[in-house]
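K.L.:
next comes the sequence, and after it the predicted model I'd like to discuss.
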Amino acid sequence: MKGLVSGSLFLQDIPGASNGGALTFVGPVSLAADKWFLGGDVRQTRMTFTIRGPEVLSGATPTGVIEMDLGGYNYQILALSTGMFQANATMNVPVTNPMTGMATLTPTSVPLPFSSVVNEPRFDESLVPRIRLAYVELNWGMSQNVLRVGQYHNLLLGMIPGSASHIATPLGYGAGQLGWRSPGVTFIHRFKLSPESNLDIGVQINRNSWRDELPTCGAGQVAPAANCLPNAVSVGEASMLPQVEARIMAFGGMAAMPLPFYLPTKWQVFLVGHWDMKDLSGVGNATLPAPAMGQTIRDTMTTYVVSGGAKLQLGPVLVAANGWYGQNAGNVFGHIFQMQDLFRPDISGFGAWAQVGFGITKNLSLWGFFGIDKPDEAKAKLAFPTNARLQNIQIAGQLAYTEGPIQIAAEFIYVATQNLVINAAAMTSTQLTYAASQPVITLNYNF
């Protein structure tokens, strides 16, 4: 058993996307006054359970891994008997004012139905768990072959920026970093280039995924609630095709003064590709809706991504960078998390991030980070006609002290998101940049 216990306190001057301190993008939200608020976050805390067994299948060592943290959706499901009520404007009753004699219609209060999702002030102190990883690994050590079956990180996550406070939702999400985790099969073969250098070639086949509230109902489909995803079958799964990824990664050398957050190697370089296809009409629907004037309808949508990154450490200086270009990459956190449906055309674009670390002493390190996600502006405006995120930038600085399992860090994170907002009634559009600042202090204990 191993894991991480993490606690952060942060200030922020505008609400942003993601809960707690996991600031990714902003807007369109604007505060005129009384902007700053104080928050705290313990959702990075995680537990990892690993069980290793005896050799099987001609020398393979089996290992079972389960990892959980506190980053799940923190909704409360209330039953009918809880005594919670809400106003129901469809059941108005006349109420007479005894002073004026005038009658007004007042909404009645009705009990919330069974399985109603609500929020209340104590949710931040009653965080729910979330499964991150759950896989079985077979490792043939002598032949350098590794097979993982279950939920594991996408191969797109060849490297992530270093941050003490942004771990589960790392720096760069929405600004140059791609990758998630999905149930599937991962195979990696390692080649020894030298006593200190290795070359890994990996392939991965994962369950497909996409937005789970799309599309709207078509002929022959019965809506279970507010969408047409019978039995929780997403439009990714409806395609009957998996997500496919392949990666080649080389790394080697041991740094004389390893810095935190990264592998202790002197260098690392990788290239990875991703492909999948969606059935945008969903499962059980063979009839597409009629397009409106000037609108196009398509049933399938292709996602592709090419991503690469590198890291180099020379003495106390570490430089890392990652970049990607792709199409319809919202499900792997590209294009600032924007996803299309069967009415909206393809969207393409790029993202990139870079980070520099400097070891002041053996324990003290200073870090700077810059990341950007830039969808093609013309395509983004077409894909999201009422509101689109056209660009997102993250800038961060960090001073970290690491001693054994303890890490103390002070960070400052700045996020600026350019949004396109269209007023259909006035036939006007405005491009506005909304920005958020977040100073944060963190104490982590790794065990």
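P.N.:
Nice, I can see it.
K.L.:
wait, is Pro236 part of a strand?
P.N.:
To be clear, residue 236 is Gly; Pro isn't right here. No: applying DSSP: H, G, I helix; E, B strand; the rest coil, one finds Gly236 to be helix, outside a strand.
K.L.:
contacting residues for the nearest residue to it once chain neighbours are set aside?
P.N.:
Excluding its sequence neighbours, the residue lying closest to Gly236 (Cβ to Cβ, 6 or more residues apart in numbering) is Asn208, at 3.3 Å. Backbone N, C-alpha and C define where each C-beta goes, glycine included. By Cβ atoms under 8 Å, 6 or more residues apart in numbering, Asn208 lies in contact with 234, 236-237, 239, 241-243, 276-278.
K.L.:
helix or strand for Lys381, which one?
P.N.:
helix 377-383 (DSSP states H and E).
K.L.:
CA atoms of that helix as PDB?
P.N.:
C-alpha atoms of helix 377-383 as PDB (Å, rounded to 0.1, in the frame of the first residue of the first chain):
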ATOM      1  CA  GLU A 377     -10.600  30.100 -34.400                       C
ATOM      2  CA  ALA A 378     -12.800  29.900 -37.500                       C
ATOM      3  CA  LYS A 379     -13.700  26.200 -36.900                       C
ATOM      4  CA  ALA A 380     -14.300  26.900 -33.200                       C
ATOM      5  CA  LYS A 381     -16.800  29.600 -34.000                       C
ATOM      6  CA  LEU A 382     -18.700  27.300 -36.300                       C
ATOM      7  CA  ALA A 383     -18.600  24.400 -34.000                       C
END
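K.L.:
do you know the pLDDT at the residue positioned nearest the centre of the chain?
P.N.:
Among the residues of the chain, Phe333 comes closest to the average C-alpha position under Cα atoms, centre = their mean, at 5.6 Å. In the prediction, the pLDDT value recorded for Phe333 is 93.
K.L.:
next one: Asn119
P.N.:
57.
K.L.:
surely Phe132 meets Met47?
P.N.:
Heads up, residue 132 is Arg, not Phe. No: counting by Cβ atoms under 8 Å, Met47 is not a contact partner of Arg132; they are 9.8 Å apart.
K.L.:
overlap in contacts of the two?
P.N.:
67-69.
K.L.:
ok, those residues vs Gly202, which is closest?
P.N.:
Glu67 (19.3 Å; Cβ to Cβ).
K.L.:
right, and Ala238 touches Val283 too?
P.N.:
Yes: counting by Cβ under 8 Å, Ala238 sits close enough to Val283 to count as a contact (4.1 Å).
K.L.:
which one's more surrounded, those two?
P.N.:
Using other Cβ atoms under 10 Å as the criterion, Ala238 and Val283 rank with Ala238 on top: 22 against 17.
K.L.:
from Asp376, how far off is that one?
P.N.:
27 Å (Cβ to Cβ, to the nearest Å).
K.L.:
cool, Glu67 as well?
P.N.:
For Glu67 relative to Asp376 (Cβ to Cβ), the value is 36 Å.
K.L.:
hang on, the earlier thing: who has more neighbours, Arg132 and Met47?
P.N.:
Neighbours were counted for Arg132 and for Met47 using other Cβ under 10 Å; Arg132 has more, 20 against 17.
K.L.:
quick check: can you name the pairing partners of the host helix or strand of Gly252 and their directions?
P.N.:
For Gly252, the host element (DSSP H and E) is strand 243-254. In the sheet containing strand 243-254, its partner strands are strand 197-206 (antiparallel), strand 265-279 (antiparallel), by DSSP bridges.
K.L.:
turn the ones you listed into JSON lines, columns for mean pLDDT and mean neighbour count.
P.N.:
Output for the strands paired with strand 243-254, formatted as JSON lines (pLDDT from 0 to 100; neighbours: other Cβ atoms under 10 Å):
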{"stretch": "strand 197-206", "mean pLDDT": "97", "mean neighbour count": "17"}
{"stretch": "strand 265-279", "mean pLDDT": "97", "mean neighbour count": "20"}
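K.L.:
save those as CSV, and put in distance to Trp140 too.
P.N.:
Shown next, in CSV, are those (distance: least, Cβ to Cβ, whole Å):
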stretch, distance to Trp140
strand 197-206, 14
strand 265-279, 23
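K.L.:
to Val128, which of these lies closest?
P.N.:
Using Cβ to Cβ, those put strand 197-206 closest to Val128, at 24.2 Å.
K.L.:
can you list contacts of that closest one?
P.N.:
Looking at what lies outside strand 197-206 - Cβ under 8 Å, 6+ apart - the contacts are 152, 154-155, 182-193, 242-253.
K.L.:
repeat that for 7 Å
P.N.:
Strand 197-206 is contacted by residues 155, 182-193, 242-252 when judged by Cβ atoms under 7 Å, 6 or more residues apart in numbering.
K.L.:
quick revisit: so which of Glu67 and Asp376 has more stuff around it?
P.N.:
Neighbour tally, Glu67 and Asp376, criterion other Cβ under 10 Å: the higher count belongs to Glu67, 20 against 17.
K.L.:
which of the three states applies to the more buried one?
P.N.:
The three-state label given to Glu67 by three-state DSSP is strand.
K.L.:
my guess is it meets Tyr135, correct?
P.N.:
No: contact between Glu67 and Tyr135 fails when scored by Cβ atoms under 7 Å: they sit 9.4 Å apart.
K.L.:
shared neighbours of these two, which are they?
P.N.:
With Cβ under 7 Å, 6+ apart applied, the contact sets of Glu67 and Tyr135 do not overlap.
K.L.:
if we can go back for a sec, in the sheet, which strands lie alongside the helix or strand that the helix holding Lys381 is followed by, parallel or antiparallel?
P.N.:
Remark: after helix 377-383, the chain's next helix or strand is strand 387-403, criterion DSSP H and E. Counting by DSSP bridges, the strands paired with strand 387-403 are strand 364-375 (antiparallel), strand 406-423 (antiparallel).
K.L.:
can you say which of those strands is packed in most?
P.N.:
Most buried of these, by mean neighbour count (mean count of other Cβ atoms under 10 Å): strand 364-375, with a mean of 21.
K.L.:
what sits up against it?
P.N.:
Contacts with strand 364-375, where a contact means Cβ under 7 Å, 6+ apart, come from 161-162, 171-172, 174-177, 259-260, 334-336, 338, 347, 349-360, 390-401.
K.L.:
drop anything exposed from those residues.
P.N.:
Buried subset of the contacts of strand 364-375 (neighbour count, 16 or more other Cβ atoms under 10 Å): 161-162, 171-172, 174-177, 259-260, 334-336, 338, 347, 349-355, 357, 359, 390-396, 398, 400-401.
K.L.:
out of the strands paired with strand 243-254, flag the one nearest Val26.
P.N.:
Distance to Val26, taken as Cβ to Cβ, is lowest for strand 265-279 among these, at 26.8 Å.
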